[in-house]
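K.L.:
with the sequence up front, the predicted model follows.
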Amino acid sequence: MELADLLLHGGRVFGRVFTFKFAFAPYILGDMALTPLVEMLGPYSAGRPWLILVAASLPISVAVYHLWQTGHSSYSIVVKGIR
């Protein structure tokens, strides 16, 4: 809620209490990706595709790692992932 207000609404509600300074910190990119989804769809509707994306990220990352370990180039990993 606070992040959406600070990023998308200029801090109208929580601007006096919180500030946002972008820094490379764990989980910040995920929060910044989820914030517009929550703003557009609401928390429950945004949670469903977010959960699917997070659950699918582990098998996809394992497959990419396996391809990389078996000597495939980055280009071939991307092309094989598209098909």
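P.N.:
Now that the structure is in, tell me what you want to look at.

K.L.:
domain map for the protein?
P.N.:
What the record gives for the chain is the domain set 1-41, 47-83, from automatic domain parsing.

K.L.:
just name the most buried of the ones you listed.
P.N.:
Ranked by mean neighbour count, those are led by domain 1-41 with a mean of 13 (mean count of other Cβ atoms under 10 Å). For every residue, glycine as well, the C-beta is placed using N, CA and C.

K.L.:
hmm, back to that, using CSV, lay out the domains of the chain together with mean pLDDT.
P.N.:
Listed next are the domains of the chain as CSV, based on pLDDT from 0 to 100:
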stretch, mean pLDDT
domain 1-41, 76
domain 47-83, 86
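
K.L.:
next, name the residue at the spatial heart of the protein.
P.N.:
Most central in the chain under Cα atoms, centre = their mean is Gly30, positioned 3.3 Å from the mean C-alpha point.
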